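Trainee: the following block contains a protein sequence and its predicted model.
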Amino acid sequence: MARGYCTEVTAQCPVEATTYGYRPNQGANIFFCVVFGILFIAQLFLGIKARLKGFTFAVVIGCFGECVGYIGRLIMHNNPWSQTGFKIQIVCLILSPSFLAAGIYLTIKHLVIHFGPQYSRLRPNLYTWIFITADAASILVQAAGGGIAAGEQLELVKIGNSIMVAGICVQVATMALCGVVAADFFLRRYRSRQAQTNLDDPMTRSTAGFKYYVGASALAFVTVFIRSVYRIPEMVGGWGNPLMQNEKEFLVLDGM
């Protein structure tokens, strides 16, 4: 754990003694901040234009949170001992993917409606009731853990960290279950004779743009899932563990 009396880099408070053990890379964090900032604006514009309230709310909050999280890391680039920067980035970068996951669950629900609810083991409305409810629970647990971990006492920090890990585990389990159900749906859909022979079938009539959209949604699901899985060992190891102090792995696995 970082030295409690340190507020800036000095001979007695070197960068290596901080929780992350490094000065966050300025270029990489500016890049991700700009990318998520652009996505925030684009999603807000497209969401308002298409009047997609639930999806837009979830994805816009997720992108905005990611952008703010990288601003927190840029604050830490200027001062690796900044508690403000540390708290901003740890809260925003841990919670934001849960909102992105909620947007993905809504997308899967509408894909099921489009391609044929009869091929799904769950009714379309249950995708939102089950997975978004569980996702919201994980957000609340992670937020509670983050609030406790923000305290000054070491024991409270450890307890908060454990609660945050529990919340991330709930998110991973929820995504894994949703992934299995969605994969089962598309497999059953693909195997159906109707999908192979009926020219009026939605699968057959889908435009190239829509197919790219489905592929992008699948890619988004995989990247958010990988990021969530990565966060578990990173947090379980405790503050300042070797995995947490590896910025390259963080930028690849969390930035995706």
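Mentor: Received it, and whenever you're ready, just let me know what you need.
Trainee: quick check, pLDDT for Met1.
Mentor: Per-residue confidence (pLDDT) for Met1: 47.
Trainee: so where's the stretch 51-200 of the chain shaky on pLDDT?
Mentor: For the stretch 51-200 of the chain, the stretches with pLDDT under 70 are 151-152, 193-200.
Trainee: swap the cut-off to 90 and go again
Mentor: 115, 145-161, 190-200 (pLDDT under 90).
Trainee: grab the most central residue of this protein for me.
Mentor: Pro97 (1.6 Å; Cα atoms, centre = their mean).
Trainee: and that one, what element?
Mentor: helix 83-115 (DSSP states H and E).
Trainee: helices or strands up against that helix?
Mentor: Under the contact criterion of 3 or more Cβ pairs under 8 Å, 6 or more residues apart in numbering; DSSP states H and E, helix 83-115 touches helix 53-78, helix 124-126, helix 133-149, helix 154-191, helix 202-205, helix 208-236. For every residue, glycine as well, the C-beta is placed using N, CA and C.
Trainee: tell me the most buried of those?
Mentor: Of all these, helix 53-78 has the most neighbours on average by mean count of other Cβ atoms under 10 Å, namely a mean of 21.
Trainee: now that helix against helix 83-115, angle please.
Mentor: Orientation check (axes from the mean of the first three to the mean of the last three Cα atoms, to 10 degrees): helix 53-78 against helix 83-115 gives 150 degrees.
Trainee: helices and strands around helix 53-78, which ones?
Mentor: Contacting helix 53-78 under the criterion 3+ Cβ pairs under 8 Å, 6+ apart are the following elements: helix 26-50, helix 83-115.
Trainee: re the thing from before, between the helix holding Pro97 and helix 26-50, what angle do the directions make?
Mentor: Going by the same axes, to 10 degrees, helix 83-115 makes 40 degrees with helix 26-50.
Trainee: look up how far Gln26 lies from Phe32.
Mentor: Distance, Phe32 to Gln26, using Cβ to Cβ, to the nearest Å: 11 Å.
Trainee: sorry, wrong one. I was asking about Ala137.
Mentor: According to Cβ to Cβ, Ala137 stands 36 Å off from Gln26.
Trainee: which one's more surrounded, Phe32 and Gln26?
Mentor: More crowded of Phe32 and Gln26, by other Cβ atoms under 10 Å: Phe32, with 20 against 12.
Trainee: Provide a list of residues in contact with that one.
Mentor: Shown in contact with Phe32 (Cβ atoms under 8 Å, 6 or more residues apart in numbering): Glu66, Tyr70, Leu251, Gly255.
Trainee: what's the answer for Met256, then?
Mentor: Per Cβ under 8 Å, 6+ apart, neighbours of Met256: Thr223, Ile226, Arg227.
Trainee: any chance of these in a markdown table, with distance to Ala173 and pLDDT too?
Mentor: Compiled in a markdown table, those are given as follows (distance: Cβ to Cβ, whole Å; pLDDT from 0 to 100):
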| residue | distance to Ala173 | pLDDT |
| --- | --- | --- |
| Thr223 | 18 | 95 |
| Ile226 | 15 | 96 |
| Arg227 | 15 | 95 |
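Trainee: that older thread, let me have the helices and strands packed on helix 83-115 in TSV, extended by distance to Val15.
Mentor: Below are the helices and strands packed on helix 83-115 laid out as TSV (distance: least, Cβ to Cβ, whole Å):
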stretch	distance to Val15
helix 53-78	10
helix 124-126	49
helix 133-149	22
helix 154-191	20
helix 202-205	54
helix 208-236	19
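Trainee: quick one, which of those is nearest to Gln43?
Mentor: Nearest to Gln43 among the helices and strands packed on helix 83-115 is helix 53-78 (4.8 Å), distances taken as Cβ to Cβ.
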